[in-house]
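In: Attaching a predicted model along with its sequence, questions to come.
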Amino acid sequence: MVELAKKIVGNIEEVLIKDNFIYFPLLFDHEIEKEINNRAIVKHNEKFYIKGIDIHSLVENFDKIDKESYSKIQDRLYKKLFQKDIPHILKNSEYKLLNTLMLDVMPYFVGVGSTFKRKKLEREDIVDFIEKKIDIPKEYKQQASKLLDEAIYKEYIDIIKKLNLDSNITFLEGIIKKEQLENILTKAIEIKIIKEKKKEIEESINLIKENNAKHLALLLYFKNVKHFSIENFGFEKEESKYLVYVKLKEYALQDFDGQIYLFPPCKVGTYVSLTEISNPIVIDKYKHPFLRDYASNQRICIKDFEIKGDTLGEKIISVLEQGISTLLYGYFSTDFEGYRYLNGKDRYGPTLSFDEYKIKEDDPRIKSGEIIITNAPFIKVDKSYYKTEKKVPRTEFWGPI
Amino acid sequence: MIGKKEIKNKKLEQMLPLLLEIIPGQAKRGIAHLFYPSEYQGKSISELAKIVLSKEVSLEEREIMKSIKENLEMGKLLYNGEEVSGDPLKYAVEQVTEANQKYYLVQLRAIGPQKGGR
């Protein structure tokens, strides 16, 4: 069985190992002698070899280079070492992201705790609040209780301890055959797998220590549901990212000539992972002066957009706030740079009409305060605006904002 | 928050403490300050807001205060979508604490409009 080695060295039967690198044999060529001083080519036992792959780098990244072989080695190893599957809660990265959404972002947009009690919101307050709002299935609570018993990890920790993984891998130098290379690589990849599993178990134990059963049950629940929402806040899982959103109620915008337009509810969202946050989008099929088309998942056109904040939670909040603020209040300025005016006059995008959104100034929903004209405090209304405003030539700009 | 009409119908004549909360953007919590009747009577809502915005805040509240001030650089203090001015009691809603003590609550939003466009 030389599957792994064959994938790396092809049909070559022997390679040279030197300074943790695999060197491949070169056919003799007089020109090569001139290159001997070049450290990429070495002479060993009258044969020439060229520097190839860093073994440490190959092993470290093997899960990405050859997923299939990596999984085979992993399965074989787990079967050999462990009697049953290793329990774990969440990968650390997923856990961190879910905790950020639950403990930092959600409480910003959702009213947790009373107005009069000004105390700082603790983790327990937020967990209790969510627990009261949603019905977490029993299975997650049972799973959480089981996980709180550290003993379930003991067996695995004992096995891993016996494997003595503390020393670094060193590779014997010299000429080796393909079969030997197979053994060396497999052994090194096995050590990597076990080290990672050890880290995962340690992280799981730490997670258990710092959370109570309710919190664990919530994390397990969040991990398994594709969609979660509470009041006006929610998130959807999309592969390795989460689409985090805030629901906006109906609102009205006033045009520069005073005409009022009633906009339907929508969800403003952003795609987030631990390392990336997208620009804000409107998830629903929607049209607005700051959206290019009448379509779903459109990026909101924001002037001087900037992701602010130090923590991931603050950054997510900043993106959502800017998206919402643009939709609700951003249509006010005379140096207006959106795609189109509310009266349908286009600037950069396709012509879209907002006529069906028109409502009268004395609409009972406006009068009662049920619907707010959100940009009213900021816009200067001039009844003759469209009669006197200089016509802006339509440009061919269609690129991203 | 309570509607404007409802407030107008209320007679806020009792001498109750007034809790003024200034909330940034779409947040649910802001910076609050409790004023006793002698502290708010005769003062405008803008004067009270200035007091709230100049108070010393806890470490947890610093980020909220920062957002409020950033929003107010180009923005305004709004109540139910309208800019506030004058008598603070125009915006007050009577509330009761868990200890059954009455107070007036005034919640204002600090909104800084984000310009749309490139």
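Out: Here it is on my side, so go on.

In: Give the helix, strand or coil label for residue A:71.
Out: What DSSP: H, G, I helix; E, B strand; the rest coil gives for residue A:71 is helix.

In: do the same with the one 5 residues further on
Out: In terms of secondary structure, residue A:76 is helix; the call rests on three-state DSSP.

In: and it, how far is that from residue B:15?
Out: Using Cβ to Cβ, to the nearest Å, residue A:76 is found at 79 Å from residue B:15. Just so you know, the C-beta spots here come from the backbone N, C-alpha and C atoms, and that holds for glycine as well.

In: who's more crowded, these two?
Out: residue A:76 (12 against 8; other Cβ atoms under 10 Å in any protein chain shown).

In: Look up phi and psi at the nearest residue to residue A:248 once chain neighbours are set aside.
Out: Spatial nearest neighbour of residue A:248, chain neighbours left out: residue A:266 (5.4 Å); criterion: Cβ to Cβ, 6 or more residues apart in numbering or on different chains. Here is the backbone geometry of residue A:266 (degrees, to the nearest 10): phi -160, psi 170.

In: Run a quick neighbour tally on residue A:266.
Out: Neighbourhood size, residue A:266 [other Cβ under 10 Å]: 23.

In: got the contact list for it?
Out: For residue A:266, the contact set (Cβ atoms under 8 Å, 6 or more residues apart in numbering or on different chains) comprises A:247-248, A:282-284, A:286, A:327.

In: How about the closest residue to chain A within chain B: what's its closest non-neighbour residue?
Out: When scored by Cβ to the nearest Cβ, chain B has residue B:117 as its residue closest to chain A, at 2.7 Å. Spatial nearest neighbour of residue B:117, excluding adjacent residues (Cβ to Cβ, 6+ apart): residue A:337 at 2.7 Å.

In: Quick check: the one you found touching residue A:331?
Out: No. Checked against Cβ atoms under 8 Å, the pair residue A:337 and residue A:331 is beyond contact range at 10.7 Å.

In: does residue A:309 sit in a helix, a strand or a coil?
Out: Under three-state DSSP, residue A:309 comes out as coil.

In: Give me the distance between it and chain B.
Out: 8 Å (Cβ to the nearest Cβ, to the nearest Å).

In: In space, what's closest to that residue - neighbours in sequence excluded?
Out: residue A:315 (4.4 Å).

In: so where do the strands sit in the chain?
Out: In the absence of a named chain, chain A is used. Under the criterion DSSP state E, chain A contains strands at A:14-18, A:21-26, A:41-44, A:47-54, A:174-177, A:227-230, A:233-238, A:241-248, A:251-254, A:260-263, A:266-272, A:281-282, A:298-299, A:358-359.

In: meant chain B, my bad for not saying
Out: B:18-24, B:31-35, B:76-79, B:82-83, B:93-96, B:102-111.

In: so can I have JSON lines of these showing mean pLDDT, mean neighbour count and distance to chain A?
Out: Shown next, in JSON lines, are the strands of chain B (pLDDT from 0 to 100; neighbours: other Cβ atoms under 10 Å in any protein chain shown; distance: least, Cβ to the nearest Cβ, whole Å):
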{"stretch": "strand B:18-24", "mean pLDDT": "96", "mean neighbour count": "22", "distance to chain A": "7"}
{"stretch": "strand B:31-35", "mean pLDDT": "94", "mean neighbour count": "18", "distance to chain A": "6"}
{"stretch": "strand B:76-79", "mean pLDDT": "96", "mean neighbour count": "20", "distance to chain A": "5"}
{"stretch": "strand B:82-83", "mean pLDDT": "95", "mean neighbour count": "15", "distance to chain A": "5"}
{"stretch": "strand B:93-96", "mean pLDDT": "92", "mean neighbour count": "14", "distance to chain A": "7"}
{"stretch": "strand B:102-111", "mean pLDDT": "95", "mean neighbour count": "21", "distance to chain A": "6"}
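
In: Which one of those strands lies nearest to residue A:360?
Out: strand B:82-83 (18.9 Å; Cβ to Cβ).

In: can you list contacts of the closest one?
Out: A:376-377, B:4, B:76-77.

In: Between which two of these is the distance greatest?
Out: B:4 and B:76 (16.7 Å).

In: Chain B contacts on the stretch 301-401 of chain A?
Out: A:301-304, A:314, A:320-322, A:324-326, A:329-333, A:336-338, A:368-370, A:372-378, A:401 (Cβ under 8 Å from any Cβ of the partner chain).

In: and those residues, which are buried?
Out: Buried members of those, counted by 16 or more other Cβ atoms under 10 Å in any protein chain shown: A:301-303, A:314, A:320-322, A:324-326, A:329-333, A:336-338, A:369, A:372-378, A:401.

In: Okay, and which of the residues you listed map to helices?
Out: Using DSSP state H, the members of those that fall in helices are A:314, A:320-322, A:324-326, A:329.

In: for residue A:296, what are its contacts?
Out: For residue A:296, the contacting residues are A:282-286, by Cβ under 8 Å, 6+ apart.

In: how far away is the residue in the stretch 251-400 of chain A positioned nearest to chain B from residue A:144?
Out: Nearest to chain B in the stretch 251-400 of chain A, going by Cβ to the nearest Cβ, is residue A:337, at a distance of 2.7 Å. Applying Cβ to Cβ, the value for residue A:337 to residue A:144 is 51 Å.

In: can you check residue A:239 too?
Out: Taken as Cβ to Cβ, the span from residue A:239 to residue A:144 is 25 Å.

In: So the two - more neighbours on which side?
Out: Neighbour totals were compared for residue A:239 and residue A:144, and residue A:144 leads with 23 against 6 (other Cβ under 10 Å).

In: Please name the residues that touch that one.
Out: Counting by Cβ under 8 Å, 6+ apart, the residues that residue A:144 touches are A:213-214, A:216-217, A:220.

In: which of these lies closest to chain B?
Out: The closest of those, once distances to chain B are taken by Cβ to the nearest Cβ, is residue A:214, at 21.7 Å.

In: So that closest one is in contact with residue A:132, correct?
Out: No. Using Cβ under 8 Å, residue A:214 is not in contact with residue A:132, being 10.8 Å away.

In: Of the two, which one has the most company?
Out: Using other Cβ under 10 Å, the more surrounded residue of residue A:214 and residue A:132 is residue A:214, with 16 against 8.

In: Spatially, what comes nearest to that one if we skip its sequence neighbours?
Out: residue A:127 (5.1 Å).

In: Let me know the distance separating that neighbour from chain B.
Out: 17 Å.

In: before we move on, back to that, and the contacts of residue A:144, which is closest to residue B:57?
Out: residue A:214 (30.4 Å).

In: I'd like the C-alpha coordinates of the lengthiest helix in chain B written as CSV, please.
Out: In chain B, assigned by DSSP H, the helix with the most residues is helix B:62-74. Output in CSV follows, covering the C-alpha atoms of helix B:62-74 (Å, rounded to 0.1, in the frame of the first residue of the first chain):
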residue,chain,number,x,y,z
ARG,B,62,-18.7,53.8,27.1
GLU,B,63,-19.4,52.2,23.8
ILE,B,64,-23.1,53.3,23.9
MET,B,65,-22.1,56.9,24.8
LYS,B,66,-19.6,56.9,21.9
SER,B,67,-22.3,55.8,19.5
ILE,B,68,-24.7,58.4,20.7
LYS,B,69,-22.1,61.2,20.3
GLU,B,70,-21.1,60.0,16.9
ASN,B,71,-24.7,59.9,15.8
LEU,B,72,-25.3,63.4,17.1
GLU,B,73,-22.4,64.9,15.2
MET,B,74,-24.6,65.1,12.1
